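Q: structure of the sequence below:
(one chain, ligands or ions: 1)
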Amino acid sequence: NRAHHHEFIIQATKVKRLCETHNSITVNGMFPGPQLVINNGDTLVVKVINRARYNVTIHWHGVRQMRTGWADGPEFVTQCPIRPGSSYTYRFTIQGQEGTLWWHAHSSWLRATVYGSLLILPPAGSSYPFPNPHRNVPLLLGEWWDGNPVDVLREATRTGAAPNISDAYTINGQPGDLYKCSSQDTTIVPISVGETILLRVINAALNQPLFFTVANHKFTVVGADASYLKPFTTNAIVLGPGQTTDVLITGDQPPNHYYMAARAYQSAQNAPFGNTTTTAILQYKSAPCCGGAKPIMPLLPAYNDTNTATRFSQSFRSLKRAEVPPELDENLFITIGLGLNNCPKNFRSRRCQGPNGTRFTASMNNVSFALPSNYSLLQAHHHSIPGVFTTDFPARPPVKFDYTGSNISRSLYQPVRGTKLYKLKYGSRVQIVLQDTGIVTPENHPIHLHGYDFYIVAEGFGNFNPKKDTAKFNLEDPPLRNTVGVPVNGWAVIRFVADNPGVWIMHCHLDAHISWGLAMAFLVENGSGLLETMEEPPADLPVC
Ligand code: C2O
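A: Got it, this is the predicted structure:
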């Protein structure tokens, strides 16, 4: 097993998109940032040097970080930010994960340009559980703002309104052919007749679940979130922000140029979104040259095609027999959704520009998560600093109501701000029912748990009904993931064993929703405290 050493320099770099040049925050001057390729079992040592004028942290999305919670990266959760002019070295080992993960900034909205792929190959000397592909091609789907993304968030926080939508979607940082001033830089994926490529598709967009497809070619889905799946074929895939999907594609069509395209899956009603399409080109090496003809365009699902999204996620079966905990020590029921905070009458109205003079908020079990600013949660716990967080996150919602009914009174659910953690005993077997609510709008929320993979044992629409829905649980071969797209107006049930000590945030991976508080965190410790089961904090861990 090898150790791979990298240096990430966070810096402002000139990036030209959609006809204009911007000073964007990048890693090593690259956008997207460096691609990391390692084998399962290897160790990564990444020194992050901050030469930008913003605080930053890097999160290794989906890496289990067994006992290395100090390297997880979310700002004010496991570490204080890396200040401009300082550095921090992340050190961790990949254990038993194979496929595609990624890394991204976990501070403000810097991840709009600070992200890259993390490809985990089988251990040296072993092979994939499917025919060896000729090549690996990572495809990072993203979102681009003409403005500075950090300012977009600041403005939304100031006004209480929804943040501006992005100006383009991107594939490997490029909007592609269908946007202005973009055709010359469109991402091109060459392919030969008969060749099989493993496309490693990552949704790195901030706020948008996306459909992705390739004209005239079928996908064989073989993995997601760095876990293998029983292969199945499909024309289109859908990914929530944070999710990855590995698909095989074969050069079995007449040599030509074919568009690979992504566009929004938008489940929230009456919410603004970008209804444009980003493209890359699958280009057969033997294709007769061009003559100005456009590549062949695929049919993409309609933006609100929840049927296709549902059919897709319900096709997932883990390749191996799953190790789902059959008995439970913890059974949580967590509502997820947006809210609107009433503004006091004499409140400056500039700060209340949400619907009808409100401010947007979001919550889990009616708690709107507030990050501390003087300590990270993990440091506060480690040094027993009182007053930074409480451990009274509720295991069920404070009031019961028809979560997915229409016309839910939002006075029922005025979220309270708090830094509330839920304590899990080390080794406990946990089930969480995640229930979407329609308080502002029903929506498919991509819920991501740090430090763990979990089994998605069931999902469905309406209110979760323990009596009849428990019968549908798949305890044989459910998919193992780190991010679940909880169906719009529906629910998902996840299970995992709390075998990784630390403080782990669980949040909606739509960044607009994190900033409104759609998050909570688990504190996983053994009876005698966290210290004995977790590694000591690294000497260069930033302090606040
Ligand atoms: Cu990829 Cu906390 O996120």
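Q: tell me the spacing between the spatially most central residue of the chain and residue 208.
A: Geometric centre of the chain, nearest residue: residue 242, 1.8 Å, by Cα atoms, centre = their mean. Separation of residue 242 from residue 208 (Cβ to Cβ, to the nearest Å) stands at 12 Å. (Glycine included, C-beta is placed from N, CA and C.)
Q: got the contact list for the residue in the stretch 201-350 of the chain positioned nearest to the ligand?
A: Nearest residue of the stretch 201-350 of the chain to the ligand: residue 242, at 4.7 Å (Cβ to the nearest ligand atom). When contacts are counted by Cβ atoms under 8 Å, 6 or more residues apart in numbering, residue 242 touches 61, 203, 446, 448, 482-483, 509.
Q: quick check, nearest of the residues you listed to residue 425?
A: residue 482 (21.7 Å; Cβ to Cβ).
Q: these two touch, right, the closest one and residue 451?
A: No. In this structure, residue 482 is not within contact of residue 451 by Cβ atoms under 8 Å, at 9.1 Å.
Q: show me the subset of the contacts of residue 242 that also lies near the ligand.
A: Within the set of those, contact with the ligand (Cβ under 6 Å from any ligand atom) is found for 61, 448, 509.
Q: what sits against the first one?
A: Yep, that's residue 61 we're talking about. Contacts of residue 61 (Cβ under 8 Å, 6+ apart): 101-104, 118, 242, 448, 482.
Q: could you check how far it is from residue 78?
A: 13 Å.
Q: again with the second one
A: Taken as Cβ to Cβ, the spacing of residue 448 relative to residue 78 amounts to 14 Å.
Q: how about the residues of the stretch 351-500 of the chain by the ligand?
A: Counting by Cβ under 6 Å from any ligand atom, the stretch 351-500 of the chain sits next to the ligand at 448, 450.
Q: residue numbers of this protein in contact with the ligand?
A: 59, 61, 74, 104, 106, 242, 448, 450, 505, 507, 509.
Q: not counting residues beside it along the chain, what's closest to the last one?
A: Once its chain neighbours are removed from consideration, residue 509 has its nearest residue in residue 242; the separation is 3.7 Å (Cβ to Cβ, 6 or more residues apart in numbering).
Q: and the pLDDT for the residue lying closest to residue 181 once chain neighbours are set aside?
A: Closest residue in space to residue 181, ignoring its immediate chain neighbours: residue 19 at 3.8 Å, by Cβ to Cβ, 6+ apart. For residue 19, the pLDDT comes out at 96.
Q: now swap in residue 170 and tell me
A: You'll see residue 170 listed with a pLDDT of 98.
Q: which SS class is it?
A: strand (DSSP: H, G, I helix; E, B strand; the rest coil).
Q: picking up where we left off before, between residue 448 and residue 78, which one's more packed in?
A: For residue 448 versus residue 78, the count of surrounding residues by other Cβ atoms under 10 Å is larger for residue 78: 29 against 24.
Q: returning to that earlier point: can I get the residues of the chain next to the ligand in TSV with pLDDT and distance to residue 520?
A: Formatted as TSV, those follow (pLDDT from 0 to 100; distance: Cβ to Cβ, whole Å):
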residue	pLDDT	distance to residue 520
59	98	17
61	98	18
74	98	13
104	98	20
106	98	16
242	98	16
448	98	12
450	98	11
505	98	8
507	98	8
509	98	14
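Q: looking at these, spot the one nearest the ligand.
A: residue 61 (3.7 Å).
Q: buried stuff in the longest helix anywhere in the chain?
A: Using DSSP state H to define each element, the chain has its longest helix at helix 149-159. Using 16 or more other Cβ atoms under 10 Å as the burial criterion, the residues of helix 149-159 that qualify are 149-150, 152-153, 156-157, 159.
Q: so how far is it from its chain's centroid?
A: 20 Å (Cα atoms, centre = their mean, to the nearest Å).
Q: what's that helix packed up against?
A: helix 511-516 (3 or more Cβ pairs under 8 Å, 6 or more residues apart in numbering; DSSP states H and E).
Q: hmm, back to that, closest to residue 230 out of the contacts of residue 61?
A: Looking across those and measuring by Cβ to Cβ, the closest to residue 230 is residue 482, at 19.0 Å.
Q: so where do the helices sit in the stretch 301-450 of the chain?
A: 306-313, 377-382 (DSSP state H, counting those that start in this stretch).
Q: could you tell me how many residues sit around residue 450?
A: Neighbour number of residue 450 under other Cβ under 10 Å is 28.
Q: the longest strand along the chain: partners in the sheet, and parallel or antiparallel?
A: For the chain, the longest strand by residue count, based on DSSP state E, is strand 3-17. Strand 3-17 pairs in its sheet with strand 20-27 (antiparallel), strand 43-50 (parallel), by DSSP bridges.
Q: adding mean neighbour count, write those out as a markdown table.
A: Formatted as a markdown table, the strands paired with strand 3-17 follow (neighbours: other Cβ atoms under 10 Å):
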| stretch | mean neighbour count |
| --- | --- |
| strand 20-27 | 18 |
| strand 43-50 | 18 |
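Q: what's the closest of the ones you listed to residue 143?
A: The minimum distance between residue 143 and the strands paired with strand 3-17 falls on strand 20-27, with 12.8 Å, by Cβ to Cβ.
Q: who's in contact with that closest one?
A: 8-16, 31, 33-34, 52, 54, 56, 105, 110, 113-114, 116, 146, 148.
Q: give me the buried subset of the residues you listed.
A: 8-11, 13, 15, 31, 33-34, 52, 54, 56, 105, 110, 113-114, 116, 148.
Q: ok, residue 407 to residue 440 distance?
A: Applying Cβ to Cβ to residue 407 and residue 440 gives a distance of 12 Å.
Q: ok, these two, which is more surrounded?
A: Comparing residue 407 with residue 440 by other Cβ under 10 Å, the one with more neighbours is residue 440, at 23 against 7.
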